[in-house]
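**Student:** could you work out the structure for the sequence below:
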Amino acid sequence: MLLITYVLSDTYEENNPEAAKENNTSGIENNQPTQKQDNETTTESASGEQSHERSGEQDESTESVATDVEGGVALGDVMDEDEIDYEESDADSSSEDSGADDDGDDGTTRFQTYEEPDLDNPAIDVDTDAVNQFINEFAVTDPEGESGLGMKKDPMITAFTKWAKINNVELDELTEDKQLAKRKGTMKKILNTLINSESKKVSTDDGRVRGYTRLELSDEGEMLLDQNAE
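**Tutor:** Okay, here's the model as predicted:
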């Protein structure tokens, strides 16, 4: 049955060329919409890829700006890196200088407490006045002898001598030019006059030793022992 129909169709187109032409035209027109749709699909796909690429570039640009600039214009856009380093270095240097000035160049400002007396007054003994100023500033005293204070002689002489050097005190019998034993004797007499101190056995961290009674160095007085007063 199919064979008969096919033969009849071919025979009909041979006898009627116009009918065959119409059939071919109809086939071409039916194929054209499919090709147009394919072209539109291809165009849309390419446009989507280009849009995605542009979006990716914008994201990278935005991320870069967000990284370099946080809350404003990046410092590097306004100043050169050399200028930034220079200003930071100046700030650190100023901070260090400020710390040094607080306590003097050699750290002895806190110990500069001496007030020179009226040396024209014959009633003033320079050694006694200096020892009096020293123990008022850097020692704890007990003139009544109620607390049992006492200290070794050597630390007392050493701390006082360094304090005198820091303050440029012109001593007489307590100057370093005198023998240590003589200076200890002079110190004993002066302390006895000022606070009733005696030279005898006292209780210290090292046990019972001979020293000066009724006084001991304060915390700052102890710090004088660590000073390098030349």
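
**Student:** when you work out contacts or count neighbours from here on, use the C-alpha atoms and nothing else.
**Tutor:** Fine.

**Student:** so, low pLDDT: which residues of this protein?
**Tutor:** The chain contains residues with pLDDT under 70 at 1-106, 230.

**Student:** which residues in it form helices?
**Tutor:** Remark: helices assigned in the chain by DSSP state H are 2-15, 17-68, 75-78, 81-102, 126-138, 153-166, 180-195, 219-224.

**Student:** mind listing what's buried in stretch 154-170?
**Tutor:** For stretch 154-170, burial by neighbour count (16 or more other Cα atoms under 10 Å) applies to 155-156, 159-167, 169.

**Student:** Leu149: which of these is nearest?
**Tutor:** Nearest to Leu149 among the buried residues of stretch 154-170 is Met156, at 13.2 Å by Cα to Cα.

**Student:** need the contact list for the closest one.
**Tutor:** Taking Cα atoms under 8 Å, 6 or more residues apart in numbering as the criterion, Met156 is in contact with Leu217.

**Student:** what does the one 5 residues further on give?
**Tutor:** Residues counted as contacts of Thr161 (Cα under 8 Å, 6+ apart) are 175-176.

**Student:** any idea how far it lies from Ile124?
**Tutor:** 20 Å (Cα to Cα, to the nearest Å).

**Student:** quick one on the thing from earlier: and the buried residues of stretch 154-170, which is closest to Asn132?
**Tutor:** Using Cα to Cα, the buried residues of stretch 154-170 come closest to Asn132 at Phe160, 10.6 Å.

**Student:** quick check, the closest one in contact with Phe134.
**Tutor:** Yes. If you go by Cα atoms under 8 Å, Phe160 and Phe134 touch, sitting 6.9 Å apart.

**Student:** okay, now Tyr212: neighbour count?
**Tutor:** Neighbourhood size, Tyr212 [other Cα atoms under 10 Å]: 25.

**Student:** distance of it relative to Asp125?
**Tutor:** 21 Å.

**Student:** repeat that for Glu176.
**Tutor:** Distance, Glu176 to Asp125, using Cα to Cα: 17 Å.

**Student:** again with Asn168
**Tutor:** 16 Å.

**Student:** could you measure from Phe134 over to Gly148?
**Tutor:** From Phe134 across to Gly148, the span is 20 Å (Cα to Cα).

**Student:** so those two - more neighbours on which side?
**Tutor:** Phe134 (19 against 12).

**Student:** list the contacts of the more buried one.
**Tutor:** 114, 160, 163.

**Student:** which of those sits closest to Ala181?
**Tutor:** Distance ranking of the contacts of Phe134 against Ala181, using Cα to Cα, places Phe160 first at 14.9 Å.

**Student:** which residues touch that closest one?
**Tutor:** Phe160 sits in contact with 131, 134, where contact means Cα under 8 Å, 6+ apart.

**Student:** mind doing that once more with 7 Å?
**Tutor:** Phe134 (Cα atoms under 7 Å, 6 or more residues apart in numbering).

**Student:** distance of it relative to Leu217?
**Tutor:** With Cα to Cα as the criterion, Phe160 and Leu217 are 10 Å apart.

**Student:** beta partners of the residue lying closest to Ser218 once chain neighbours are set aside?
**Tutor:** Spatial nearest neighbour of Ser218, excluding adjacent residues (Cα to Cα, 6 or more residues apart in numbering): Ala139 at 4.6 Å. Under DSSP bridges, the beta-bridge partners of Ala139 are Leu217.
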